[in-house]
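J.: coords please:
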Amino acid sequence: MLNPQVELDGPPHAPGRLRPGGFRPDVQALRALAVSLVVLNHLWPARLTGGYVGVDVFFVISGYLISTHLLREIENTGRIRIARFYARRVRRLLPAAFLVLICVVVAAFLVVPHDRWAAYGHQVMAGALYGENWLLTAEFWSRPVDFTEFTAVTSYWSLSVEEQFYLCWPVVLLLLFRMRTPRMRCTSVAAVGLASLAGCVYLTTVDRGPAYFVTPIRVWEFVIGTLVALGGQRLVLSRAAAQAASLLGFAAIIGSAVLFTGATEFPGATALIPTVGAGLVIAAGAEPGRRWHTAVTSSAPVQLLGGISYSLYLWHWPLVVLVPLAVPGGALTLSMRLGILGVSLVLAHLSTRLVEDPVRTWPRLARDVRLTFAGMVAGMAVVCLAAGGLLWA
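T.: This is a model prediction of the structure:
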């Protein structure tokens with residue numbers, strides 16, 4: 001799950017337009033909650049059976065943050081500097097992702113059985129090229145998802161979905177802004193979301209594997225965030241309504257994580273519960289002011305966790321998969337699970353501070369879009385060559 005920056009920079013807005021972005025502690029806390037649900041579900045799947053909904057919460061957050069940024073740029077300039085938009089995403093997301101992929105390749109040579117090297121090689125390449133979700137779709141089409149076939153980079157499927165969304169959404173928004181009124185724009189975005197949701201509901205009942213991984217089937221979750229960005233600043237909630245909306249939203253997310261199981265028809269219509277919940281939380285915080293949850297969500301530990309959520313998502317799954325291959329018996333004890341959690345947090349903090357932030361803010365890259373894309377191509381090539389070693393061996 002990709003995580004755009006919560007800090008959205010922009011010039012002052014005209015009256016009636018999108019409120020200028022700023023740091024949103026509530027959104028940062030929502031990211032912390034989402035990644036916590038995913039990590040705890042992977043470490044204790046029998047305890048938090050529905051923690052996988054954290055990925056869906058991330059999709060809503062991404063739809064909101066990216067759409068807010070793009071909509072503001074369109075309103076202020078009448079256009080989107082698409083190359084610069086993509087370059088920002090590259091600097092923000094790829095360095096840490098490539099680092100983890102290289103580490104997985106090295107670990108695969110050391111602890112993964114030889115007969116699984118080819119699967120690892122293919123999935124690492126797909127992860128580097130952001131096509132992991134389509135590789136998994138092809139593998140599990142018309143047959144049940146077999147979790148024993150997952151690798152240490154299977155989690156990159158959600159990153160692939162988000163990158164593919166980022167690739168297309170700026171163009172979609174530019175086309176929508178040719179419409180005359182905000183109502184027509186919202187209606188058109190909603191229509192895109194409803195079409196995606198209808199396909200999601202249908203495919204979930206027919207073949208849950210592809211429904212889980214296919215990008216068009218997941219677009220409606222991003223659209224919820226986009227609709228909040230389009231309408232949330234114009235629909236101002238009273239203090240009481242905002243309190244109620246955030247309470248209902250958090251209850252929907254946490255309730256889904258606790259009550260959903262592997263047998264739940266998901267994504268399908270049931271995914272509306274956590275995703276609409278996420279939309280309610282974001283909309284409830286659109287106006288400044290304290291909420292019932294502020295003391296917790298604005299606390300330093302929660303904000304820190306939200307700040308490293310992207311790297312934590314990247315690191316935890318490879319450890320969950322690879323550690324059992326490296327220990328006698330192959331079973332994770334309680335101490336091992338706690339150790340994986342602790343190591344994941346440390347690695348996430350280090351990679352955020354030493355890799356993500358320095359590359360994202362490196363002035364030379366920020367000034368030169370072509371250099372950014374050249375670095376992207378070089379990084380992809382290095383990862384694919386490393387993965388090719390697994391296939392060749």
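
J.: can you pull out the low-pLDDT segments for the stretch 51-200 of the chain?
T.: 142-148 (pLDDT under 70).

J.: where do the helices sit along it?
T.: Listed in chain order, the helices of the stretch 51-200 of the chain (DSSP state H, counting those that start in this stretch) span 53-77, 82-111, 117-128, 132-140, 156-176, 182-206.

J.: reformat those as TSV; add mean neighbour count and distance to residue 332.
T.: All C-beta spots, glycine's among them, are computed from the backbone N, C-alpha and C. As requested, the helices of the stretch 51-200 of the chain are exported to TSV (neighbours: other C-beta atoms under 10 Å; distance: least, C-beta to C-beta, whole Å):
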stretch	mean neighbour count	distance to residue 332
helix 53-77	24	20
helix 82-111	19	14
helix 117-128	22	20
helix 132-140	20	23
helix 156-176	20	22
helix 182-206	16	30
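
J.: any chance of a markdown table for the ones you listed, columns distance to residue 259?
T.: Formatted as a markdown table, the helices of the stretch 51-200 of the chain follow (distance: least, C-beta to C-beta, whole Å):
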| stretch | distance to residue 259 |
| --- | --- |
| helix 53-77 | 10 |
| helix 82-111 | 31 |
| helix 117-128 | 31 |
| helix 132-140 | 25 |
| helix 156-176 | 22 |
| helix 182-206 | 18 |
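
J.: so which of these gets nearest residue 309?
T.: Nearest of these to residue 309, taken as C-beta to C-beta: helix 53-77 at 8.2 Å.

J.: what is that closest one packed up against?
T.: On a contact count with 3 or more C-beta pairs under 8 Å, 6 or more residues apart in numbering; DSSP states H and E, helix 53-77 meets helix 25-43, helix 156-176, helix 215-231, helix 239-259, helix 272-284.

J.: measure residue 92 to residue 351 for me?
T.: 13 Å (C-beta to C-beta, to the nearest Å).

J.: surely residue 59 touches residue 275?
T.: Yes - Residue 59 is within contact range of residue 275, at 7.2 Å (criterion: C-beta atoms under 8 Å).

J.: hey, what's in contact with both of these two?
T.: residue 221 (C-beta atoms under 8 Å, 6 or more residues apart in numbering).

J.: quick revisit: for residue 356, find the nearest of the helices of the stretch 51-200 of the chain.
T.: helix 82-111 (5.1 Å).

J.: about what we covered before: which one of the helices of the stretch 51-200 of the chain lies closest to residue 308?
T.: Of all the helices of the stretch 51-200 of the chain, helix 82-111 comes closest under C-beta to C-beta, at 10.1 Å.

J.: circling back: with distance to residue 67 added, can I get the helices and strands packed on helix 53-77 in CSV?
T.: Converted to CSV, those look like this (distance: least, C-beta to C-beta, whole Å):
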stretch, distance to residue 67
helix 25-43, 13
helix 156-176, 7
helix 215-231, 4
helix 239-259, 18
helix 272-284, 11
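
J.: out of those helices, which comes closest to residue 355?
T.: Nearest of the helices and strands packed on helix 53-77 (C-beta to C-beta): helix 156-176, 15.6 Å.

J.: what is the orientation angle of that closest one with helix 215-231?
T.: With axes from the mean of the first three to the mean of the last three C-alpha atoms, to 10 degrees defining the directions, helix 156-176 sits at 50 degrees from helix 215-231.

J.: could you give the angle of helix 156-176 to helix 82-111?
T.: Orientation note: helix 156-176 sits at an angle of 170 degrees relative to helix 82-111 (the same axes, to 10 degrees).

J.: please report the distance of residue 94 from residue 357.
T.: Counting by C-beta to C-beta, the gap from residue 94 to residue 357 is 14 Å.

J.: what of residue 65?
T.: 17 Å.

J.: likewise residue 38?
T.: Taking C-beta to C-beta, one finds residue 38 at 22 Å from residue 357.

J.: residue 200 too?
T.: The gap separating residue 200 from residue 357 is 35 Å, by C-beta to C-beta.

J.: for residue 212, give me the pLDDT.
T.: Per-residue confidence (pLDDT) for residue 212: 88.

J.: could you tell me how many residues sit around it?
T.: 25 (other C-beta atoms under 10 Å).

J.: also residue 342?
T.: 10.

J.: ok, residue 174 touching residue 75?
T.: No - applying C-beta under 8 Å as the test, residue 174 and residue 75 come out as separate, 12.0 Å apart.

J.: so which strand or helix has residue 261?
T.: In this structure, residue 261 sits in neither a helix nor a strand according to DSSP states H and E.

J.: what sits closest to it if chain neighbours are left out?
T.: Computed as C-beta to C-beta, 6 or more residues apart in numbering, the closest residue to residue 261 that is not its neighbour in sequence is residue 49, at 4.3 Å.

J.: tell me the SS of that neighbour?
T.: Here residue 49 is coil, with the state taken from DSSP: H, G, I helix; E, B strand; the rest coil.

J.: and it, its phi and psi?
T.: Phi and psi for residue 49, reported as degrees, to the nearest 10, are phi -70, psi -20.

J.: more neighbours, residue 38 and residue 357?
T.: With neighbours defined as other C-beta under 10 Å, residue 38 and residue 357 compare such that residue 38 has more, 27 against 15.

J.: just checking, the more buried one touches residue 51?
T.: Yes - with contact defined as C-beta under 8 Å, residue 38 reaches residue 51; the gap is 5.8 Å.

J.: tell me, how many residues neighbour residue 255?
T.: So residue 255, with other C-beta under 10 Å, has 15 neighbours.

J.: is it in contact with residue 270, as I believe?
T.: No - the criterion here is C-beta under 8 Å, and residue 255 misses it with residue 270 at 11.5 Å.

J.: need the overlap of contacts for these two.
T.: Contacts common to residue 255 and residue 270, judged by C-beta under 8 Å, 6+ apart, are absent.

J.: which residues does residue 275 contact?
T.: 56, 57, 59, 60, 221, 224.
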